[in-house]
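Visitor: sequence-free structure coming up:
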């Protein structure tokens, strides 16, 4: 039986989070890129060790890291002050990331990370939490629906030569 632990991340965890981010993004979205160079360039730019270290040091961000038998297997990121796009909801937070290595998805680590994030949002007395999810990612959309997120809006985003449509989902506390 594996031992799972979750704790808030600190800047020294940037190396683990950077690696987890690169692997989990590639596992989740890699098949959607026709040009693998676009995928590699995006991953190196967005999930670099320097960028993760900087992000972990920012007051508005809270990260958690999940371990299975002392190995890092997932992470979550909350942006504490992030108005809901295209809305009048200014007092909101954004669930920016919940990623778990594919081999650990069945262990409910994503739910455990999300629960930690929900506790933080409630402690901050924030009424709305929003996120964006690829509109074709049915597994993630089902996960968020199960946890009382509802589609609010959608937007387009390009990475290299690829165009993506994301749903904005929102939860009220």
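Guide: Nice, thanks for sending it over. Quick caveat, the model's predicted, so the values are computed rather than measured.

Visitor: find the helix or strand that the residue nearest in space to the middle of the chain is a member of.
Guide: Taking CA atoms, centre = their mean, the centroid of the chain lies closest to residue 97, which sits 0.8 Å from it. Per DSSP states H and E: residue 97 is located in strand 92-100.

Visitor: what mean pLDDT does that strand get?
Guide: On average, the pLDDT along strand 92-100 is 97.

Visitor: right, and the helix or strand after that strand?
Guide: Taking DSSP H and E, what comes next after strand 92-100 is helix 109-123.

Visitor: got a list of contacts for that next one?
Guide: By CB atoms under 8 Å, 6 or more residues apart in numbering, the list of residues contacting helix 109-123 from outside reads 4, 6, 62, 64, 66, 68, 73-76, 78, 93, 95, 98, 100, 129, 143, 147, 173. C-beta here means a position set from N, CA and C on the backbone, and glycine is covered the same way.

Visitor: separate out the buried members of those residues.
Guide: Using 16 or more other CB atoms under 10 Å as the burial test, the contacts of helix 109-123 include 4, 6, 62, 64, 66, 68, 73-76, 78, 93, 95, 98, 100, 129, 143, 147 as buried.

Visitor: looking at those residues, which are in strands?
Guide: Here DSSP state E is the test, and the buried ones among the contacts of helix 109-123 give 4, 6, 62, 64, 66, 68, 73-76, 78, 93, 95, 98, 100, 129 as lying in strands.

Visitor: do I have it right that residue 133 meets residue 169?
Guide: Yes - between residue 133 and residue 169 there is a contact under CB atoms under 8 Å: 6.1 Å.

Visitor: more neighbours: the two, which one.
Guide: When residue 133 and residue 169 are compared on other CB atoms under 10 Å, the one with more neighbours turns out to be residue 169, at 23 against 20.

Visitor: count of neighbours near the residue nearest to the more buried one when sequence neighbours are not counted?
Guide: Of all residues not flanking residue 169 in the chain, residue 149 sits nearest, at 4.0 Å (CB to CB, 6 or more residues apart in numbering). Residue crowding around residue 149 was assessed by other CB under 10 Å; the count is 22.
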